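S.K.: just a sequence and a predicted model for now, questions to come.
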Amino acid sequence: MADIEESVEVKPVITEATWGFLMLRLWIGFRMLFAGAEKFYAKTIENVDTGELEYGFAWKNAAITAKENIYQVVADNQFLPLNPYNFLVKFGVDPDKIGFLVPLKVDLWFAMALPYLLLTFGVTLLLGILPRVSIFMAGIVFMLLSIGLMSMPDNEGIATLGIHVGLCAVALCLVKQARFNLTKF
């Protein structure tokens, strides 16, 4: 009888793809964490000597930043109407049929939720909690931000966010290689 040698290939538990996913997950997590923290930084602290407002970090600043920085910049610079009512009227829809849309300000809702979304998904990515869901949601947030910039248009910002979306897509392709997470899914 001939001796048959079977070669068994042992695959390492930690591969290059594992390290690549870890690097992407941490980068996206830190990017979201710092972008979210930035939204809580606004001119709200009064200098005792000069009486002028200075920048400071506080949880209440998220509303100020959302209304003044995000919402107002978009309202002043975009070519599409902010309110769905105005958008539909612009395209010839009868105003009487869509009057219920007048109070809606979808952009303001997103601007108010944005800091909390960025912080939440940044922390979950850094800790490795539900990496598939966290990376997918991070990509969705970056996609929504880029859609907002497309209406302004801000080509440099769109390109930057496009890179962020691409990094999220690559991370989703590598997520099955994840080893350093708190949760598995």
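M.R.: It's in.

S.K.: when you work out contacts or count neighbours from here on, use the C-alpha atoms and nothing else.
M.R.: Fine.

S.K.: and the strands in the protein?
M.R.: 41-46, 53-57 (DSSP state E).

S.K.: what's near enough to touch Ala169?
M.R.: 136, 139 (C-alpha atoms under 8 Å, 6 or more residues apart in numbering).

S.K.: tell me the confidence at the one residue sitting closest to the centre of the chain?
M.R.: When the chain is reduced to its mean C-alpha position, the nearest residue by C-alpha atoms, centre = their mean turns out to be Val141, at 3.5 Å. Model confidence at Val141, expressed as pLDDT, equals 94.

S.K.: residue contacts, it?
M.R.: Contacts were defined as C-alpha under 8 Å, 6+ apart; by that measure Val141 touches 117-118.

S.K.: need the phi and psi values for Met152.
M.R.: The phi/psi pair for Met152 (degrees, to the nearest 10) reads phi -90, psi -40.

S.K.: what about it, how many residues nearby?
M.R.: Residues near Met152, counting by other C-alpha atoms under 10 Å, number 18.

S.K.: again with the one 4 residues further on
M.R.: Glu156 has 10 neighbouring residues, counting by other C-alpha under 10 Å.

S.K.: repeat that for Met112.
M.R.: Look at Met112: counted by other C-alpha under 10 Å, it has 19 neighbours.

S.K.: just checking, it touches Lys60?
M.R.: No. Proximity of Met112 to Lys60 does not meet the contact threshold set by C-alpha atoms under 8 Å, at 11.1 Å.

S.K.: and the helices in the chain?
M.R.: Counting by DSSP state H, the chain forms helices over residues 16-38, 61-64, 72-77, 84-90, 106-127, 131-150, 155-174, given from the N-terminal end onward.

S.K.: and Asn61, how far is that from Glu68?
M.R.: Asn61 sits 10 Å away from Glu68, taking C-alpha to C-alpha, to the nearest Å as the criterion.
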